[in-house]
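Engineer: no letters, just coordinates:
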């Protein structure tokens, strides 16, 4: 069968499943659902599945995209979604399955939401200072690379970002960040605060991917 | 999710092992169940989730509608430190509720080195360690698993032990606990009643007196407890519940595959082997049952590998029919079939050749003893001729690595026997030169030795263990005897074996030692990362107990042994006779050639052993 694309969410307890473990989980879920993934040739065959933007452990998402191919020739896509959802571990849910028309390379931006938790600081003050910090011209931090340390400016990777005070010592954020070329890991947002402005760095931060976009800010599917 | 946990998880290695939420986990409404049980495995998630007993009993206990059985494992060091810092109690994976909310804590203890981890998990749960300090009926703390055939060192901490197979016994126990909770029984009343369930051993109901020399003088049951607690078994494995929908971990565990349990027990009777004696009588499943259960489990889990489990796979009578049946399903679906524990014979090699997706890398033989005389003495029925013959076929078929496992310190072992190990390696090397198809790839022969540990309920239960100094002398003798370059020698250190020897045949006075080790920071002692021999030595010294007396003393045949209240089904006279035959270097025929009348068959109530 042709290449298919699945959009799924990974939330709750499932956010701690690593990318590699997710591959095995997916393979088993397909097998439980009664379908078989196409495997690579060679000495050590692996299922041919690819996830557009691997998600780091601890980050939630409601918009993951995974391409796969089935061995079976005729598959009812609608029932496949239901059958898969019946066999997924808690927190992984297939939203739709379709034949992709666009290449993953066209994916450019990601809308994300996040929560910054402050244990003993005023979130109203934090909100204002956070907005001020992220409106700087450049935000250059040290980043570990494959060859030691390098400097990276995260500011150009943030298309927009806004903060809202919430009850219970938390600041909510909504942002659009660069998904690839370059990829901005959301963890670099609190990391840049810790490096350059520790007094407004949160005690804990968590993120959820909301929607992928192309370079023209059209929703990518 | 708990706020504290949410902040901890991003900082620890492999957080998915601490979250639960896996496919096939069992979630119940806690307001609708009467008993909440935490099934605790005193090792890591990766080890515990690979344990077949755990998989079976998780489902059988949850089959009781009034029980919700959840899982708890020991956190690895980084998680442990984070939980301490955050003041977080140990919690169950399914609900995330802390273990102090549970009605019962059940520990699966497969090996003695897990004892300190049991204490640590109790402490992390906020439950008093000692049974005597837990005055209320709830929570009841109990343990089962193969180490419990002598659980005496843990006796001060456990309210009761379940001895033998738990499929039926655990549910009888939980049914009684339900009634006790509903009717408001005292703990004492419950334990007295529980002692009448077959296989339940309540250590608090037995008084132990000691002789001036420290040996046990007498074991006196009180309050109507039985003099001997007979191990429980499941008589008919085909009819026994076997879950074909086990939990599928969302992160990699040690045995990430479908298990098919062929039979329990073993026909071989190797004299050092505890498992070969305590799992008797022999009960096999029909191939039809196994094929059906195997296919169902594959469908319900999505696993791509199946492994056949038993103490000696080649001894399964219907192995060919079983493999044919499974391969018919597995081959077209690229599912791999693994057959561990095969004997070194022709039939096994042919079988392995037939299996798809078997990588021709390594062959492993548990040879155990270095000379034919010694192998006869321990009743390990492997001859050099058989082994070399199998190697010849394997080398000709493309295999290029052989591992040979031995024990040092077996009863009657001499220096000549040890040199015999090096000779055997030379012969295997010679065999490779004669038979290898492609010599350019080279060959790897690996010898591994560990220190023999005498185990309760085996014919060697009275034997001395050699000291660790003597073990090292024998290691060095073997090391200098190995001359060939292609032979690698690995030896396990003896320190863990000394402690395991002391614990496996220990009495309940060792409870103080366990607590002292735990108080000094001991946990996860089965891991070399955490084991400290010095900590154990200090604990023995501070309790005024002699480690060597427990570990390396030969027990007299007239001694009352600390585990004499436990009856695993094999008669003492059988063990004594087997030990005598060891000293005469005499083989005993396997159970199929001639029944040795070991006594275990009586547990089958007229059914035939090994049918």
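Structural biologist: Here it is on my side, so go on. What you are looking at is a predicted structure, and each value in this text was computed from that prediction instead of being measured.

Engineer: just say helix, strand or coil for residue A:147.
Structural biologist: What DSSP: H, G, I helix; E, B strand; the rest coil gives for residue A:147 is coil.

Engineer: nope, residue A:210 is what I was after
Structural biologist: Assignment for residue A:210 (three-state DSSP): strand.

Engineer: pop out the phi and psi values for the nearest residue to it once chain neighbours are set aside.
Structural biologist: Distance criterion Cβ to Cβ, 6 or more residues apart in numbering or on different chains; nearest residue to residue A:210, sequence neighbours excluded, is residue A:111 at 4.3 Å. Backbone N, C-alpha and C define where each C-beta goes, glycine included. The phi/psi pair for residue A:111 (degrees, to the nearest 10) reads phi -90, psi 130.

Engineer: what's the burial count for residue A:111?
Structural biologist: 20 (other Cβ atoms under 10 Å in any protein chain shown).

Engineer: okay, and the beta partners of it?
Structural biologist: residue A:176, residue A:211 (DSSP bridges).

Engineer: what's in contact with stretch B:516-533?
Structural biologist: B:43-44, B:74, B:76-77, B:80, B:111, B:113-117, B:119-120, B:123, B:495-496, B:498-499, B:535-536, B:538-539, B:542-543 (Cβ atoms under 8 Å, 6 or more residues apart in numbering or on different chains).

Engineer: quick check: mean pLDDT of that stretch?
Structural biologist: In this model, stretch B:516-533 has an average pLDDT of 97.

Engineer: cool, and stretch B:324-342?
Structural biologist: For stretch B:324-342, mean pLDDT rounds to 86.

Engineer: buried residues of it, list them for me.
Structural biologist: By neighbour count with 16 or more other Cβ atoms under 10 Å in any protein chain shown, stretch B:324-342 contains the buried residues B:325, B:326, B:327, B:329, B:330, B:335, B:336, B:337, B:339, B:341, B:342.

Engineer: ok, now stretch B:568-576?
Structural biologist: Here stretch B:568-576 shows B:568, B:569, B:570, B:571, B:574, B:575 as buried, counting by 16+ other Cβ under 10 Å.

Engineer: show me what contacts the closest residue to the fourth one other than its chain neighbours?
Structural biologist: So the one you mean is residue B:571. Computed as Cβ to Cβ, 6+ apart, the closest residue to residue B:571 that is not its neighbour in sequence is residue B:599, at 3.7 Å. Contacts for residue B:599 (Cβ under 8 Å, 6+ apart) come out as B:569, B:570, B:571, B:574.

Engineer: coming back round to it: if I pick the residue nearest to residue A:210, what's in contact with it?
Structural biologist: Counted by Cβ under 8 Å, 6+ apart, residue A:111 has contacts A:174, A:175, A:176, A:209, A:210, A:211, A:212, A:213.

Engineer: now do the strands in the stretch 51-200 of chain B.
Structural biologist: Applying DSSP state E, counting those that start in this stretch to the stretch 51-200 of chain B gives strands spanning B:67-73, B:104-108, B:140-144, B:160-162, B:200-201.

Engineer: out of the buried residues of stretch B:324-342, list just those in strands.
Structural biologist: Per DSSP state E, strands hold the following members of the buried residues of stretch B:324-342: B:336, B:337.
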